[in-house]
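S.K.: could you work out the structure for the sequence below:
(4 chains)
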Number of protein chains: 2
Amino acid sequence: MHGTSKRPRRAPTPEERKQCPERSRRLLLEAAMDEFSEKGFAGARVQDIADRAGLNKQLITYYFGGKQGLYRELGREWLRREATFNDPAVPFEELVVRYLREAFDDPRGIRLAIWQALTGEVGDEPREDLSDMRRRQAAGELADDLDPAAVLLMCYAMVSAPATMPHAVRQIFGIEPDSPEFRERWEEQLRRVIRHLAA
Amino acid sequence: MHGTSKRPRRAPTPEERKQCPERSRRLLLEAAMDEFSEKGFAGARVQDIADRAGLNKQLITYYFGGKQGLYRELGREWLRREATFNDPAVPFEELVVRYLREAFDDPRGIRLAIWQALTGEVGDEPREDLSDMRRRQAAGELADDLDPAAVLLMCYAMVSAPATMPHAVRQIFGIEPDSPEFRERWEEQLRRVIRHLAA
DNA sequence: GAAGTTGTCAAACAGTTAGATGAGAGCATG
DNA sequence: CATGCTCTCATCTAACTGTTTGACAACTTC
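M.R.: Now for the predicted structure:
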């Protein structure tokens, strides 16, 4: 059932051996991302994560201090990554679409975030900075009667919608949420809605 | 920690005794709704559900054939309830707000739905009927360049946003997602956005 | 009132899970 | 070559979880 049916315990591969620790860490994090984003914390099994990484599950304790530690590390990592995203130079519409594509290409981050939200885990993310949104509103990128905060949250919601409600996509559109047809259609509609919010 | 710390096994209460089976069933369903919507299927414990209901956990097997059966029954019930909602007579804006208030008053249904979506459970919900949305569009309730399906999904996303991303609400607005302040602010903004989508 | 059914419970059971233990291989340093 | 350190693994274990079992009381039917 699981990836590698048999691990022939191949010779530790001489020069590969040296960077093994960092490599193992990375493999586990990657496998954990798959597993946790797919089944959530409670549903994920450390055995499955280890299998996916092709490593012994004890290494999870060794490197991260257990299942919980691995999960936390994953959250921290994604936070670091997401922080490097906003770019004031690019138009709002383009910015949102950029997020959207990211979400389509790899929904794991969003799924993880939703799971954390649902289980009520409190990350220590700082207060979101709205000055950029206000600037955009002043520049005419956003209608005056709208609350920048609300628009921001709506964009979050629309970007993550395909990941959080795939069933609704199938129900309403009758196509798969990860099909190219839906991707294009949704992106185009997202653009139009944002334009409507500017007028 | 849990509700009833001690069950004094009070006398079965003569005339109450008669409708006990139906009452127990209801109590379990109610408790299960709390528990599942809070922690999801994998995270919920039958013991906790039983404790919440003030009943023996064996009754879950007795009435529903186990944890899974109880969970399924819950899904079916919510589906039945949700089906009685749409009303073609009422304006679109009002309809969405009605959903929103429902979601605020009792977020358990939405949380449950999101959990089901995340765990990839396939309910047998029928294909959504879009003719009503098309009619509204023809009647001028919706701009012509927008896809009715997309607008519908966006509304779903916005209605459930407070439940699916409470952390984002705190981050962006700096207030609690279930506070009256946020409720009013979000409802008002939702109305305005929908009006923007009509023009 | 005897027999059977129904609703309820406590205790036992079997399966699973995360983590602990201890051992061993590779490699560097002396 | 001996010693110690880092990384890895297989096995064991203690705890927990959902379900089964067996018992029992209330009520119904005969």
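S.K.: least trustworthy helix or strand in chain A by mean pLDDT?
M.R.: helix A:14-18 (a mean of 46; mean pLDDT, DSSP states H and E).
S.K.: what's whichever helix or strand comes after that helix in contact with?
M.R.: As assigned by DSSP states H and E, the chain's next helix or strand after helix A:14-18 is helix A:20-43. Contacts to helix A:20-43, defined as Cβ atoms under 8 Å, 6 or more residues apart in numbering or on different chains, come from residues A:12, A:16, A:44-45, A:48-50, A:52-55, A:59-60, A:63-64, A:67, A:70-71, A:73-74, A:77, A:107-109, A:111-112, A:115, A:118-119, B:39-43, B:118-119. C-beta coordinates here come from the backbone N, C-alpha and C atoms, glycine included.
S.K.: so the closest residue to A:Arg135 other than its chain neighbours: helix, strand or coil?
M.R.: Closest residue to A:Arg135 apart from its sequence neighbours, by Cβ to Cβ, 6 or more residues apart in numbering or on different chains: A:Pro88 at 7.5 Å. Assigned by DSSP: H, G, I helix; E, B strand; the rest coil, the conformation of A:Pro88 is coil.
S.K.: now do A:Pro88 against B:Phe92, distance only.
M.R.: Separation of A:Pro88 from B:Phe92 (Cβ to Cβ, to the nearest Å) stands at 35 Å.
S.K.: compare those two and say which is more crowded by neighbours.
M.R.: B:Phe92 (20 against 9; other Cβ atoms under 10 Å in any protein chain shown).
S.K.: and A:Asn86, what's its pLDDT?
M.R.: With respect to pLDDT, A:Asn86 scores 78.
S.K.: same check, this time on A:Arg80
M.R.: 85.
S.K.: repeat for A:Ala44
M.R.: So A:Ala44 comes in at 97 (pLDDT).
S.K.: ok, it to A:Ala50 distance?
M.R.: Taken as Cβ to Cβ, the span from A:Ala44 to A:Ala50 is 11 Å.
S.K.: and what of A:Arg80?
M.R.: 25 Å.
S.K.: show me which of the two is the more surrounded one.
M.R.: Counted by other Cβ under 10 Å, A:Arg80 and A:Ala50 do not tie: A:Ala50 has more neighbours, with 21 against 9.
S.K.: work out for me the element the more buried one sits within.
M.R.: helix A:46-53.
S.K.: from what I can see the residue nearest to A:Arg135 touches A:Asp132, true?
M.R.: Yes: between A:Pro88 and A:Asp132 a contact is recorded at 5.6 Å, counting by Cβ atoms under 8 Å.
S.K.: that older thread, from the contacts of helix A:20-43, which would you call buried?
M.R.: Among the contacts of helix A:20-43, those classed as buried by 16 or more other Cβ atoms under 10 Å in any protein chain shown are A:44, A:48-50, A:52-53, A:55, A:59-60, A:63-64, A:67, A:70-71, A:73-74, A:107-109, A:111-112, A:115, A:118, B:39-41, B:43, B:118.
S.K.: ok, which of those also contact DNA strand D?
M.R.: When Cβ under 7 Å from any atom of the strand is applied, the members of the buried ones among the contacts of helix A:20-43 adjacent to DNA strand D are A:Leu55, A:Leu59.
S.K.: grab the nearest non-local neighbour of A:Ala199.
M.R.: A:Ala143 (6.4 Å).
S.K.: that neighbour: what secondary structure?
M.R.: Here A:Ala143 takes the coil state, with states given by three-state DSSP.
S.K.: quick one: contacts for it?
M.R.: Counting by Cβ under 8 Å, 6+ apart, A:Ala143 has contacts A:Gln137, A:Leu197, A:Ala198, A:Ala199, B:His196.
S.K.: whichever of the residues you listed end up buried, select them in PyMOL.
M.R.: In PyMOL, a selection of the buried entries from the contacts of A:Ala143 looks like this (16+ other Cβ under 10 Å):
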select buried, (chain A and resi 137+197+198) or (chain B and resi 196)
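S.K.: just the contacts of A:Ala143: which are in helices?
M.R.: In helices, judged by DSSP state H, the following of these are found: A:Gln137, A:Leu197, A:Ala198, B:His196.
S.K.: residues contacting the residue nearest to the second one when sequence neighbours are not counted?
M.R.: The reference is to A:Leu197. Sequence neighbours aside, B:His196 is the residue nearest to A:Leu197 in space, at 5.5 Å (criterion: Cβ to Cβ, 6+ apart). Contact analysis of B:His196 by Cβ under 8 Å, 6+ apart lists A:Ala143, A:Leu146, A:His196, A:Leu197, A:Ala199.
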